[in-house]
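Engineer: Model the following, please.
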Amino acid sequence: MTKKMLLAILEDSESRPEMRDLQGEGFAFTLIDSTGSLLRKGKSTFIAAVDEEKVDDVIEHINHVCCPQSNPFKPRGTVMVFAIDHYEQIT
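Structural biologist: Take a look at the predicted model:
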């Protein structure tokens, strides 16, 4: 089964609802507190190895949970998807 690495950077205020939503759907991820943008506002970075056919589902969940911004030039979040050459869970 092919995996993709999904990296999503969201506003801190969006991270808790997103975390509950992804966990409720059975997705495992790592959450890292981060800082970004010109004003150094708090961000949360989600990292997950996702089955290739589930990537669109995760992105859909993120879009559903993120609330619209009043400023159309400010992104609600950033999602990046990377190919994984090797995936192994150490037990």
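
Engineer: next helix or strand past the longest strand along the chain?
Structural biologist: Secondary structure assigned by DSSP state E gives strand 41-51 as the longest strand of the chain. Downstream of strand 41-51, the next assigned helix or strand under DSSP states H and E is helix 55-65.

Engineer: Give the buried residues for the worst-scoring helix or strand of the chain on mean pLDDT.
Structural biologist: Lowest on mean pLDDT, DSSP states H and E among the helices and strands of the chain sits helix 12-24, with a mean of 80. Across helix 12-24, burial judged by 16 or more other Cβ atoms under 10 Å covers E14, S15, E18, M19, L22. Where C-beta positions appear, they are placed from N, C-alpha and C, glycine not excepted.

Engineer: Format these as CSV; extra columns: distance to F29.
Structural biologist: Formatted as CSV, those follow (distance: Cβ to Cβ, whole Å):
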residue, distance to F29
E14, 14
S15, 11
E18, 9
M19, 8
L22, 6
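
Engineer: how far away is T2 from A49?
Structural biologist: 11 Å (Cβ to Cβ, to the nearest Å).

Engineer: Who has more neighbours out of the two?
Structural biologist: More crowded of T2 and A49, by other Cβ atoms under 10 Å: A49, with 17 against 9.

Engineer: Can you work out which residues contact both of T2 and A49?
Structural biologist: Taking Cβ atoms under 8 Å, 6 or more residues apart in numbering as the criterion, T2 and A49 both touch I84.

Engineer: okay, now I90: neighbour count?
Structural biologist: Other residues near I90 come to 3 when the count uses other Cβ under 10 Å.

Engineer: Name the SS class of it, please.
Structural biologist: With DSSP: H, G, I helix; E, B strand; the rest coil as the basis, I90 sits in coil.

Engineer: Can we start the residue count at 4 from this point?
Structural biologist: In the new count, where the first residue is 4, that last one comes out as I93.
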